[in-house]
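A.B. asks: Any chance you could fold what I've pasted below:
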Amino acid sequence: MSDVIVIGGGPAGLAGAIACAKSGLNVSVVDEFIKPGGRLLGQLHREPSGEWWNGIKESERLHQEARKLSVDIRCGVSVYNLEKENQLWNVYTNQGTLTAPFVLVATGAAEYPIPLPGWTLPGVMSIGAAQVMTNVHRVQVGKKGVIIGANILAFAILNELQLAGITVDRIVLPERNQISQTAGEPEEVMKSLLNAAHLAPSPFLRFGSRFMRRDWIRKVGLNFYPKNGVKINGTPLQLRKAAVEIIGKDHVEGVRLADIDANGTIIAGSETIYEADFVCIAGGLYPLAELTAIAGCPFQYIPELGGHVPHHSETMETPLKGLFVAGNITGIESGKIAMAQGTTAGLSIAKHAGKGAGTIDEQLQQALKNVRTVRRHAAIQFNPEIDSGRSRMNQLWEDLYATSIEQ
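C.D. replies: Okay, the predicted model is just below:
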């Protein structure tokens, strides 16, 4: 029997497993993919320093370090239930039940789907799927495509597709409706993109971002936004066009677009069909936290963290004894932050297991400091209000702890 079972072999899970193993704990990692690394496997981008962040190399480094520490890594294993019995956690998988006193859930994030007519055609995929096919499986998703949805994730993966020689013809918005919500509202999209101006080599966004943070200036900017869009690495970002239908018989052949006003309302009679052989839908990310819900962990709704997240402390523990979380399940951030959180969780588990002698508290405080430092210097921030969301969760944890003490 293991001391710790880590669910998820991505950056948070592997970093957590390494920290646990260094503290002398027996660790098992399970992941449903064919190899460890999680979202790291698809990441490739240039840092502000000019250095390249290669997710595949980073995942290999973590994998090798974990193996040297005798961490048992099992791939192709799906977890479908998690429950506590006496003092032990039972982790139910497609290959049997695993048992341990400590569990670290590092299941990451999933993409929001934005359905529209024609989205079931071959050649339509999420933006994350395009990233995995391109960078992990080395499969060309198409020759000429359209991205529906303008957000930071779309920006980052656009660059990766272009590096692979794939042409993205344009980035447009989804049609505004109850499902797409703010993703179909030009002003809300503009507001979010201003925080990603450093990722977009566009004078309109780079210099305009300094002024358009004010509501009235942003509204004026949208009214004068070029109809043909502004170029992002040569690809037009068209905030005044929305996709209303994906066209094709047996596969994607084009996208029907319509002009929209500054509020996202379709302008009648403005529809045009543009040719494309693939479409990427970029709906954004949300924490993939169902397993902690099954386990009975309480949740908090914090939009700044990406939606509903399991109640947790800054040291990654939950109100359920022996259950810890790390990575995007706690809020949508970058792979580097997930790794820093994983290390924090691993040290926190070691402390609860009585490992680390007199140095564990110092190590844990250093790990927490590192999380804040990495967050402060993050090249990609999925939510500009992440610090506010983290502070709110920390306060909620302190309130919960104070209530438990009183009782």
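A.B. asks: Against which helices or strands is the longest helix along the chain packed?
C.D. replies: Longest among the helix segments of the chain by residue count, using DSSP state H, is helix 386-406. Secondary structure elements in contact with helix 386-406, counted by 3 or more C-beta pairs under 8 Å, 6 or more residues apart in numbering; DSSP states H and E, are strand 299-302. To be clear about C-beta, it is placed using only N, CA and C from the backbone, and glycine gets the same treatment.
A.B. asks: quick one: terminal-to-terminal distance for stretch 144-153?
C.D. replies: End-to-end span of stretch 144-153 (C-alpha to C-alpha, to the nearest Å): 19 Å.
A.B. asks: In it, which residues are buried?
C.D. replies: Using 16 or more other C-beta atoms under 10 Å as the test for burial, stretch 144-153 gives 145-153.
A.B. asks: Those residues in strands, which ones?
C.D. replies: 145-148 (DSSP state E).
A.B. asks: how does the chain divide into domains?
C.D. replies: Using automatic domain parsing, the domain parsing of the chain gives 4-110+286-406, 116-281.
A.B. asks: before we move on, the earlier item: contacts for the longest helix of the chain?
C.D. replies: 300, 302-305, 309, 311-314, 319, 330-331, 333, 375, 383 (C-beta atoms under 8 Å, 6 or more residues apart in numbering).
A.B. asks: Equivalent analysis for stretch 247-256, please.
C.D. replies: Applying C-beta under 8 Å, 6+ apart, the external contacts of stretch 247-256 come out as 118, 121-124, 142, 146, 148, 172, 243-246, 271-279.
A.B. asks: so how far is the first residue of that stretch from its last?
C.D. replies: First-to-last distance for stretch 247-256 - C-alpha to C-alpha - comes to 7 Å.
A.B. asks: for it, the distance to its chain's centre please.
C.D. replies: Relative to the mean C-alpha coordinate of its chain, stretch 247-256 is positioned 29 Å out (C-alpha atoms, centre = their mean, to the nearest Å).
A.B. asks: Mind jotting down where the helices sit in the stretch 51-200 of the chain?
C.D. replies: 55-68, 127-135, 152-163, 186-194 (DSSP state H, counting those that start in this stretch).
A.B. asks: Could I get the average pLDDT for the third one?
C.D. replies: What it means is helix 152-163. The average pLDDT within helix 152-163 is 89.
A.B. asks: one step back: could you tell me the least trusted of the domains of the chain?
C.D. replies: domain 116-281 has the lowest average pLDDT among the domains of the chain, namely a mean of 84.
A.B. asks: That one spans what distance, first to last residue?
C.D. replies: Start-to-end, domain 116-281 (C-alpha to C-alpha) is 10 Å.
A.B. asks: One more: stretch 255-273?
C.D. replies: End-to-end for stretch 255-273, by C-alpha to C-alpha: 6 Å.
A.B. asks: For it, which residues meet the burial criterion?
C.D. replies: 255-260, 262, 264, 266.
A.B. asks: Out of these, the closest to Ala21 would be?
C.D. replies: The nearest member of the buried residues of stretch 255-273 to Ala21, counting by C-beta to C-beta, is Val255 at 48.8 Å.
A.B. asks: Quick check: which element contains the closest one?
C.D. replies: Assigned by DSSP states H and E, Val255 belongs to strand 254-259.
A.B. asks: how far off strand 144-148 does that strand point, in degrees?
C.D. replies: Computed by axes from the mean of the first three to the mean of the last three C-alpha atoms, to 10 degrees, the angle separating strand 254-259 from strand 144-148 equals 50 degrees.
A.B. asks: What strands flank strand 254-259, and is each parallel or antiparallel?
C.D. replies: As defined by DSSP bridges, the strand partners of strand 254-259 come to strand 235-247 (antiparallel), strand 272-275 (antiparallel).
A.B. asks: can you tell me which of those strands comes nearest to Gly50?
C.D. replies: Here strand 235-247 is closest among the strands paired with strand 254-259 (C-beta to C-beta), at 22.4 Å.
A.B. asks: end-to-end on stretch 63-76?
C.D. replies: Span of stretch 63-76 from end to end, C-alpha to C-alpha: 15 Å.
A.B. asks: In it, which residues are buried?
C.D. replies: Within stretch 63-76, the residues that count as buried by 16+ other C-beta under 10 Å are 63, 65-66, 69, 71-73.
A.B. asks: Would you mind giving those residues as a markdown table with distance to Gly42 added?
C.D. replies: Listed next are these as a markdown table, based on distance: C-beta to C-beta, whole Å:
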| residue | distance to Gly42 |
| --- | --- |
| His63 | 16 |
| Glu65 | 21 |
| Ala66 | 20 |
| Leu69 | 25 |
| Val71 | 23 |
| Asp72 | 25 |
| Ile73 | 19 |
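A.B. asks: biggest separation within these, which pair?
C.D. replies: Top of the distance list for the buried residues of stretch 63-76 (C-beta to C-beta): Glu65 and Asp72, 14.2 Å.
A.B. asks: tell me the most buried of the strands paired with strand 254-259?
C.D. replies: strand 235-247 (a mean of 22; mean count of other C-beta atoms under 10 Å).
A.B. asks: give me the number of residues near the nearest residue to Thr97 once chain neighbours are set aside?
C.D. replies: Nearest non-adjacent residue to Thr97, counting by C-beta to C-beta, 6 or more residues apart in numbering: Asn90, 5.6 Å away. By other C-beta atoms under 10 Å, the residues close to Asn90 number 16.
A.B. asks: How about the one 10 residues further on?
C.D. replies: Taking other C-beta under 10 Å as the criterion, the count of residues near Ala100 is 21.
A.B. asks: do the one 4 residues further on as well
C.D. replies: Using other C-beta under 10 Å, the number of residues around Leu104 comes to 30.
A.B. asks: roughly how far apart are it and Ala350?
C.D. replies: 11 Å (C-beta to C-beta, to the nearest Å).
A.B. asks: related to what we said a few turns ago, how about the buried residues of stretch 255-273 in CSV, adding distance to Gly10?
C.D. replies: Below are the buried residues of stretch 255-273 laid out as CSV (distance: C-beta to C-beta, whole Å):
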residue, distance to Gly10
Val255, 32
Arg256, 37
Leu257, 35
Ala258, 38
Asp259, 40
Ile260, 37
Ala262, 39
Gly264, 34
Ile266, 39
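A.B. asks: could I get the helices of the stretch 51-200 of the chain as a markdown table with distance to Phe33?
C.D. replies: Listed next are the helices of the stretch 51-200 of the chain as a markdown table, based on distance: least, C-beta to C-beta, whole Å:
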| stretch | distance to Phe33 |
| --- | --- |
| helix 55-68 | 11 |
| helix 127-135 | 10 |
| helix 152-163 | 18 |
| helix 186-194 | 30 |
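A.B. asks: Nothing else from me, thank you.
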